[in-house]
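# please find the sequence and the predicted model below.
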Amino acid sequence: MSAHLALTQLVPLAAQELDKNKVTPGVLGFVVFAVMAGAVWLLMKSMNRHMGKVSFEEATDPAATAGSAAKPAEAAQAAKAATRE
(Lines give C-alpha, C1' and ligand atoms only; values in the text may rest on other atoms or scores of the structure.)
Protein backbone atom coordinates (compact mmCIF):
# COMPACT_ATOMS: atom_id res chain seq x y z
CA MET A 1 0.00 0.00 0.00
CA SER A 2 2.90 2.35 0.66
CA ALA A 3 4.10 2.00 -2.96
CA HIS A 4 0.71 3.14 -4.19
CA LEU A 5 0.82 6.10 -1.84
CA ALA A 6 4.30 7.04 -3.05
CA LEU A 7 3.21 6.89 -6.68
CA THR A 8 0.18 9.05 -6.07
CA GLN A 9 2.40 11.68 -4.48
CA LEU A 10 4.92 11.60 -7.38
CA VAL A 11 2.38 11.90 -10.20
CA PRO A 12 1.54 15.57 -9.52
CA LEU A 13 5.27 16.38 -9.45
CA ALA A 14 5.78 14.81 -12.87
CA ALA A 15 2.78 16.65 -14.26
CA GLN A 16 4.13 20.00 -13.09
CA GLU A 17 7.50 19.47 -14.81
CA LEU A 18 5.91 18.56 -18.16
CA ASP A 19 5.75 21.48 -20.55
CA LYS A 20 2.87 20.82 -22.94
CA ASN A 21 4.38 23.14 -25.58
CA LYS A 22 7.68 21.25 -25.68
CA VAL A 23 7.32 17.58 -26.52
CA THR A 24 10.37 15.68 -27.76
CA PRO A 25 10.88 11.99 -28.48
CA GLY A 26 13.91 11.89 -26.22
CA VAL A 27 16.66 9.31 -26.10
CA LEU A 28 14.29 6.35 -26.40
CA GLY A 29 12.84 7.72 -29.64
CA PHE A 30 16.33 8.19 -31.07
CA VAL A 31 17.38 4.67 -30.09
CA VAL A 32 14.27 3.13 -31.67
CA PHE A 33 14.78 5.16 -34.86
CA ALA A 34 18.48 4.21 -35.03
CA VAL A 35 17.70 0.51 -34.58
CA MET A 36 15.04 0.64 -37.31
CA ALA A 37 17.40 2.48 -39.66
CA GLY A 38 20.12 -0.10 -39.02
CA ALA A 39 17.68 -2.94 -39.68
CA VAL A 40 16.59 -1.40 -42.98
CA TRP A 41 20.21 -0.92 -44.01
CA LEU A 42 21.03 -4.56 -43.23
CA LEU A 43 17.94 -5.78 -45.09
CA MET A 44 18.87 -3.75 -48.17
CA LYS A 45 22.42 -5.07 -48.05
CA SER A 46 21.13 -8.65 -47.82
CA MET A 47 18.65 -8.06 -50.66
CA ASN A 48 21.42 -6.75 -52.92
CA ARG A 49 23.48 -9.85 -52.20
CA HIS A 50 20.58 -12.15 -52.99
CA MET A 51 19.62 -10.25 -56.15
CA GLY A 52 23.21 -10.58 -57.35
CA LYS A 53 22.88 -14.36 -57.19
CA VAL A 54 19.73 -14.46 -59.31
CA SER A 55 20.15 -15.44 -62.95
CA PHE A 56 17.67 -13.56 -65.14
CA GLU A 57 18.36 -15.61 -68.27
CA GLU A 58 15.62 -18.10 -68.92
CA ALA A 59 16.75 -21.62 -69.72
CA THR A 60 15.53 -22.88 -73.07
CA ASP A 61 13.26 -25.91 -73.13
CA PRO A 62 14.55 -28.53 -75.65
CA ALA A 63 11.03 -29.80 -76.37
CA ALA A 64 9.78 -26.30 -77.14
CA THR A 65 12.64 -25.50 -79.54
CA ALA A 66 12.06 -28.65 -81.64
CA GLY A 67 8.39 -27.90 -82.32
CA SER A 68 8.74 -24.14 -82.47
CA ALA A 69 9.83 -24.04 -86.14
CA ALA A 70 6.28 -24.63 -87.35
CA LYS A 71 4.56 -22.62 -84.63
CA PRO A 72 5.70 -19.11 -85.67
CA ALA A 73 4.22 -19.55 -89.12
CA GLU A 74 0.93 -20.71 -87.62
CA ALA A 75 0.96 -17.81 -85.15
CA ALA A 76 1.61 -15.30 -87.95
CA GLN A 77 -1.31 -16.67 -89.97
CA ALA A 78 -3.60 -16.51 -86.92
CA ALA A 79 -2.54 -12.92 -86.26
CA LYS A 80 -3.28 -11.91 -89.87
CA ALA A 81 -6.67 -13.60 -89.70
CA ALA A 82 -7.49 -11.82 -86.44
CA THR A 83 -6.62 -8.40 -87.86
CA ARG A 84 -8.77 -8.97 -90.96
CA GLU A 85 -11.86 -9.68 -88.89
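Structure received.
# so what's the model's average confidence on the helix ranked longest in the chain?
What stands out as the longest helix in the chain, according to DSSP state H, is helix 26-53. Computed over helix 26-53, the mean pLDDT rounds to 96.
# cool, stretch 77-85 as well?
Averaged across stretch 77-85, pLDDT comes to 66.
# neighbours around residue 60, how many?
9 (other C-beta atoms under 10 Å). Every C-beta, even on glycine, is put in place using the N, C-alpha and C of the backbone.
# quick one: classify it as helix, strand or coil.
Under DSSP: H, G, I helix; E, B strand; the rest coil, residue 60 falls in the coil class.
# can you read off the backbone torsions of it?
Torsion angles at residue 60 (phi, psi; degrees, to the nearest 10) stand at phi -80, psi 140.
# and the pLDDT at it?
Residue 60 carries a pLDDT value of 80.
# then residue 17?
69.
# same question for residue 21.
79.
# that one and residue 49, how far apart?
Distance, residue 21 to residue 49, using C-beta to C-beta, to the nearest Å: 47 Å.
# all set, thanks.
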